[in-house]
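*Asks:* fold the following.
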Amino acid sequence: MSAPIQVEPASGDQPEAGGAHPDFEVLVLNHRPAPQGSKRHIGHGRMIEQSVRVKPWRHAAAAAVRQALAAARGKDEPEPAPLDGALFVQIVFTVRKPARPKRPTWPVTRDSGDLDKLLRSTFDALTDGGAIADDSRVVKVAASKVHPGEGEGALDAPGAVIRVWRLGEAQATARAIAVG
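*Replies:* Predicted coordinates:
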């Protein structure tokens with residue numbers, strides 16, 4: 001199933017709520033986010049991913065990223081370089097809701113995945129898709145898990161809303177002053 005996406009080209013480097021638009025935004029739709037956990041040794045020095053859901057998620061997210069990048073540039077424009085330098089990433093994961101929830105609830109079941117491991121697989125997809133140079137460039141993160149149609153930023157089906165901002169010198173200077 002292909003992942004339909006929407007792109008909002010943006011400029012500016014203010015990652016505050018209601019601030020400037022992100023430098024990159026992509027919606028990964030109709031795919032269940034998957035956590036990238038530990039690897040399992042299968043012999044002869046080979047390791048494989050323990051979760052069978054990781055590969056399809058990373059593939060779908062990377063494909064959505066490539067599609068968003070292609071849609072954001074003009075027909076004859078070259079492919080943009082991946083975002084580099086200090087980056088702020090905001091992700092809202094919409095995870096599958098339990099079949100019979102007892103009451104409105106947060107997505108805290110094992111089935112919804114650990115947030116840090118969801119980030120790991122999605123950061124790798126952002127790198128694989130060409131949106132960011134490397135996931136080591138991410139210095140600030142805002143992430144949440146929600147059920148479909150519930151909570152801020154929720155999609156109507158499992159997927160993710162991913163936004164990336166470049167952090168400029170102003171943010172680094174403010175941080176240095178606050179720490180120093």
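*Asks:* helices of the protein, start to end?
*Replies:* For the chain, applying DSSP state H gives helices covering 54-72, 115-129, 169-179.
*Asks:* and the angle from the longest one to helix 115-129?
*Replies:* Calculated by axes from the mean of the first three to the mean of the last three CA atoms, to 10 degrees, helix 54-72 forms an angle of 50 degrees with helix 115-129.
*Asks:* who does helix 54-72 touch, helix- and strand-wise?
*Replies:* Contacts defined by 3 or more CB pairs under 8 Å, 6 or more residues apart in numbering; DSSP states H and E place helix 54-72 against strand 24-29, helix 115-129. All C-beta spots, glycine's among them, are computed from the backbone N, C-alpha and C.
*Asks:* and residue 130, what's its pLDDT?
*Replies:* On the pLDDT scale, residue 130 is placed at 95.
*Asks:* count the residues that sit near the residue lying closest to it once chain neighbours are set aside.
*Replies:* Among residues not flanking residue 130 along the chain, residue 82 sits closest, at 5.3 Å (CB to CB, 6 or more residues apart in numbering). Counted with other CB atoms under 10 Å, residues neighbouring residue 82 total 17.
*Asks:* try residue 98
*Replies:* Burial measure for residue 98: 12 neighbouring residues, criterion other CB under 10 Å.
*Asks:* distance check, it against residue 148.
*Replies:* According to CB to CB, to the nearest Å, residue 98 and residue 148 sit 12 Å apart.
*Asks:* next: residue 96.
*Replies:* From residue 96 across to residue 148, the span is 8 Å (CB to CB).
*Asks:* need the overlap of contacts for those two.
*Replies:* residue 158 (CB atoms under 8 Å, 6 or more residues apart in numbering).
*Asks:* low-confidence ranges in this structure?
*Replies:* By pLDDT under 70, the low-scoring segments of the chain are 1-20, 37-42, 47-52, 101-113, 169-180.
*Asks:* give the contact list for the nearest residue to residue 143 once chain neighbours are set aside.
*Replies:* Spatial nearest neighbour of residue 143, chain neighbours left out: residue 91 (4.8 Å); criterion: CB to CB, 6+ apart. Applying CB under 8 Å, 6+ apart to residue 91 gives the contacts 118, 119, 122, 141, 142, 143, 144, 160, 161, 162, 163.
*Asks:* repeat that with 7 Å
*Replies:* 119, 122, 143, 160, 161, 162 (CB atoms under 7 Å, 6 or more residues apart in numbering).
*Asks:* neighbours around the third one, how many?
*Replies:* This points to residue 143. Neighbours of residue 143 (other CB under 10 Å): 16.
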